[in-house]
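In: model this:
(one chain, ligands or ions: 1)
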Amino acid sequence: MKKTESLAFERILKLRKELEEHNRRYYIDNKPLISDFDYDIMMNELITLEKRYPQFSSEVSPSVVVGSDVHNQNTGSQFVQAAHRYPMLSISNTYDKAELSVFDERVRKILQVNNVNYACELKIDGTAICLTYIQGKLIRAVTRGDGSVGDDVTRNVLKINAIPRVLSGSGFPDEFEVRGEIFMPWKSFDELNLKREENEEELFANPRNAASGSLKLIDSEEIGKRGLKAIFYHVLYDQEMNYTSHCQLLESARAWGLPTSPYVTLCNSIEQVSAFLDFWDVERTSLPYPTDGVVIKVDNLLDQKILGNTSKSPRWATAYKFKPEQALSRVVSVDFQVGRTGAVTPVANLEPVLLSGTTVKRATLHNLDQIKSLDLHINDMVFVEKGGEIIPKITAVDLSRRDSIVFPVVFPQNCPDCGTPLVREESEAKYYCPNQFGCPTQIKAKFLHFCSRKAMDILAGEATINQMFEKGYISFLSDLYKITEEQLLSLQGWKERAADRFLQSVEKSKNAPFSKVLFALGIRFVGETTAKSLSRHFGSIDGIISASREELLQVEDIGEKMADSITAYFREPSNVSLISDLKRLGINFEEKSSGNSKSNKLAGLNIVISGVFSISRDEMKSVIEAHSGKSVSSVTSTTSYLLTGENPGPSKLQKAKQLGVQIISEAELMAIIG
Ligand SMILES: [Zn+2]
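Out: Reported below is the predicted structural model:
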């Protein structure tokens, strides 16, 4: 192999590996690390290299294979997979208008015509879905998956109000498939992330990840609350119908009762297409939902058939992608904020600027590395983008506009609050104030969180906590339970009544359910939902303290970052001693199942559960255990029952039938435990 050739081969292998990794993060974890723009640049480089060196082409290259959102077995998929009747291809895309002309020329050449009608549709940044309607009734909803097999998410899609379960119009085919995008409007996205931030849960990077993450929720009740919308853009059927135009077919779909885009426009030349792109590149900022481009489709359905597909994408359609929405503003100053966990985050104060419908005054800079790599100075003009965070991020400095007077950003070496030298953990880009038991901001924030309504519900707001802290009454969380009436009466403005109410709320908090106590401890990334899953799964604090990382990962909703944070928390001796202190003071560290439902009706029975139930799987396990049954993971000859919900796993069903294990439904179980 020649030198250049072997270098190209090396690069191809590296790109494939990286793209596969990004595919996984994007489609399965819903946590992309790089922007779509950067992803597309890498993909384009790979395609170009593979074309130039066809000897290295591969059928399993990410350039050929459609990325898959299907959860694989080891991520514990809760969804049954379903094959697509018609393969669900992805559409080739470009950021370059010149490539659109190439597309147009190729289309006209194959069709042997001078002019083609194109249907132009805004490309909504959501997650693709394929619905099957039979006699006007929604019977199946499947994600794109790898294009031939997707996850059956019917149960969740039925909870989305924007999608009709029964069509209201008439004239639709007896059986048809319709494809579209399920998406989250900006407003719902901001509200969801705000709620998650309050609960200390990981934020969604963008509305698309929020939409696809919601679609894979195990708790279907939650999905209805997330404000998801849908727009459909492609109808497929087998029977004879009189449609010849894609636009006409979409109009009919609207009349049948399906939501379609009001902005579909028929263009009769590529120049008109170009004007449509220019218009929407600006106008899209006023839309209430995220868009990332325009899909251009040959309108004539017969022509679409003639053009056909490649293995990956249709030849009759292409997408033009917009660059991400940005705003330009000046950095006035940089603040350094200490959070509850001690992390120091630089935040830039900006001259106010409008972005995606809101006025932006602050932008996060994440960490020191980012300030360095941006070469950011105070007084610089910067580009701001809306990412997953509540406050937007700075993506670049506009060096062409740099003033002669700029000031370097000086990252503090000591905590801006307590003066302790900051530390940086090897694996993390952030600096921390390690003084977690002495740094006033951290301590006060911890107390505030502990006392909050969703946690221990103790009547102490910011002003009270500040006073108690300054008087030296509280430094460890357990101190809240040691405060005396005398101390309380020494606080400014406190009378007996207030003191009594406070002490009552402290006393009452000892009965708080274990999941609330766990949430109140303020372990990084452990929000309300996670705390509930953990307490259900392990039943007690001792169970969680002794759990290995692998055991933690078995729990519903627990990812690697959370598992690491939990084990790190309990490795810290002072945290363990805090917990034994709290235990001694009478705080509840055990999950108590509701007393009246307890029985021995399932004593001695080994029960395997499979499928989706009216309650979560962990809740179902708790029910079995509350009635003295044992929940086991695989079907063997000693299994008493296979308890099946909707969409049970086929292998478990088969095994149960082979071994003669009795199969029961949720209703039958409820009848047994009465
Ligand atoms: Zn500090």
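In: around the ion, pick out the residues from the stretch 351-500 of the chain.
Out: Proximity of the stretch 351-500 of the chain to the ion (CB under 5 Å from the ion) is limited to residues 415, 417-418, 420, 433, 435, 439. Backbone N, C-alpha and C define where each C-beta goes, glycine included.
In: turn the residues you listed into TSV, columns for secondary structure and pLDDT.
Out: Compiled in TSV, those are given as follows (DSSP: H, G, I helix; E, B strand; the rest coil; pLDDT from 0 to 100):
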residue	secondary structure	pLDDT
Cys415	coil	93
Asp417	coil	88
Cys418	coil	91
Thr420	coil	93
Cys433	coil	92
Asn435	coil	88
Cys439	coil	90
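In: and which of those is nearest Ser546?
Out: Asn435 (28.6 Å; CB to CB).
In: leaving out chain neighbours, which residue sits closest to the closest one?
Out: By the measure of CB to CB, 6 or more residues apart in numbering, the closest residue to Asn435 outside its immediate chain neighbours is Thr420, 4.0 Å from it.
In: surely Pro421 meets Gln413?
Out: Yes: between Pro421 and Gln413 there is a contact under CB atoms under 8 Å: 6.2 Å.
In: and these two? which has more neighbours close in?
Out: More neighbours surround Pro421 than the other of Pro421 and Gln413, with 12 against 8 (other CB atoms under 10 Å).
In: would you map the helices across the stretch 1-150 of the chain?
Out: Read by DSSP state H, counting those that start in this stretch, the stretch 1-150 of the chain holds these helices, from start to end of the chain: 3-23, 36-52, 97-111.
In: which stretch in those is the model least sure about?
Out: Note on the helices of the stretch 1-150 of the chain: helix 36-52 shows the lowest mean pLDDT, a mean of 83.
In: can I get it as CSV, trimmed to CA atoms?
Out: Listed in CSV are the C-alpha atoms of helix 36-52, where the atom choice follows Å, rounded to 0.1, in the frame of the first residue of the first chain:
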residue,chain,number,x,y,z
ASP,A,36,-25.1,18.3,13.9
PHE,A,37,-23.0,20.7,11.8
ASP,A,38,-19.7,19.1,13.0
TYR,A,39,-21.2,15.6,12.6
ASP,A,40,-22.2,16.4,9.0
ILE,A,41,-18.7,17.7,8.3
MET,A,42,-17.1,14.4,9.5
MET,A,43,-19.6,12.4,7.6
ASN,A,44,-18.9,14.4,4.4
GLU,A,45,-15.1,13.8,4.9
LEU,A,46,-15.7,10.1,5.2
ILE,A,47,-18.0,9.9,2.1
THR,A,48,-15.4,11.9,0.1
LEU,A,49,-12.5,9.6,1.1
GLU,A,50,-14.5,6.4,0.4
LYS,A,51,-15.4,7.7,-3.0
ARG,A,52,-11.7,8.5,-3.8
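In: what packs against whichever strand or helix holds Leu192?
Out: Element membership of Leu192 [criterion: DSSP states H and E] is helix 186-198. Applying 3 or more CB pairs under 8 Å, 6 or more residues apart in numbering; DSSP states H and E, we find helix 186-198 packed against helix 207-215.
In: now do the helix it packs on: distance to the chain's middle.
Out: Relative to the mean C-alpha coordinate of its chain, helix 207-215 is positioned 5 Å out (CA atoms, centre = their mean, to the nearest Å).
In: same check on stretch 48-55?
Out: Relative to the mean C-alpha coordinate of its chain, stretch 48-55 is positioned 35 Å out (CA atoms, centre = their mean).
In: buried stuff in it?
Out: By neighbour count on 16 or more other CB atoms under 10 Å, the buried set for stretch 48-55 is 49-50.
In: distance of Ala255 from Asn117?
Out: Ala255 is 21 Å from Asn117, where distance means CB to CB, to the nearest Å.
In: and the chain, what are its domain boundaries?
Out: The chain is divided into the following domains under automatic domain parsing: 3-65, 81-321, 327-400, 440-509, 514-584, 595-673.
In: average pLDDT across the last one?
Out: Summarised as a single mean, pLDDT over domain 595-673 is 83.
In: so can I have JSON lines of the helices of the stretch 1-150 of the chain showing distance to Ala319?
Out: Formatted as JSON lines, those follow (distance: least, CB to CB, whole Å):
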{"stretch": "helix 3-23", "distance to Ala319": "18"}
{"stretch": "helix 36-52", "distance to Ala319": "11"}
{"stretch": "helix 97-111", "distance to Ala319": "10"}
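In: now tabulate these in TSV and tack on distance to the ion.
Out: Formatted as TSV, the entries for those read as follows, by distance: least, CB to the ion, whole Å:
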stretch	distance to the ion
helix 3-23	36
helix 36-52	35
helix 97-111	52
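In: closest to Val294 out of these?
Out: With respect to Val294, and counting by CB to CB, the nearest of those is helix 97-111 at 9.8 Å.
In: any buried residues in that closest one, and which?
Out: Under the neighbour-count criterion of 16+ other CB under 10 Å, helix 97-111 has 100, 103-104, 107, 111 buried.
In: and stretch 174-183, by the same measure?
Out: Of all the residues in stretch 174-183, those buried under the rule 16+ other CB under 10 Å are 176-183.
In: next one: the residue lying farthest from the centre of the chain from Lys471, what distance?
Out: Seen from the C-alpha centroid of the chain, the residue lying at the greatest distance (CA atoms, centre = their mean) is Glu486, 48.6 Å away. Separation of Glu486 from Lys471 (CB to CB) stands at 12 Å.
In: now swap in Lys510 and tell me
Out: Taking CB to CB, one finds Lys510 at 24 Å from Lys471.
In: next one: Thr464
Out: Look at Thr464 and Lys471: by CB to CB, they are 11 Å apart.
In: which stretch among the helices of the stretch 1-150 of the chain comes nearest Ala162?
Out: Closest among those, once you apply CB to CB, is helix 36-52, at 24.4 Å.
In: from the contact counts, what lies against the closest one?
Out: Using 3+ CB pairs under 8 Å, 6+ apart, the elements in contact with helix 36-52 are helix 3-23, strand 317-321.
In: what sits up against that helix?
Out: For helix 36-52, the external contacting residues (CB atoms under 8 Å, 6 or more residues apart in numbering) are 8, 11-12, 15-16, 18-19, 22, 26, 32, 56-57, 61-63, 93, 95, 292, 321, 323-324.
In: distance of the nearest residue to Lys229 once chain neighbours are set aside from Pro650?
Out: Using CB to CB, 6+ apart and skipping the chain neighbours, the partner closest in space to Lys229 is Ala162 (4.6 Å). Here the criterion is CB to CB. By it, Ala162 lies 32 Å from Pro650.
In: also Glu181?
Out: Using CB to CB, which is the criterion applied here, Glu181 is 30 Å from Pro650.
In: cool, Ala547 as well?
Out: Using CB to CB, one obtains 31 Å as the distance from Ala547 to Pro650.
In: equivalent analysis for Lys454, please.
Out: According to CB to CB, Lys454 stands 40 Å off from Pro650.
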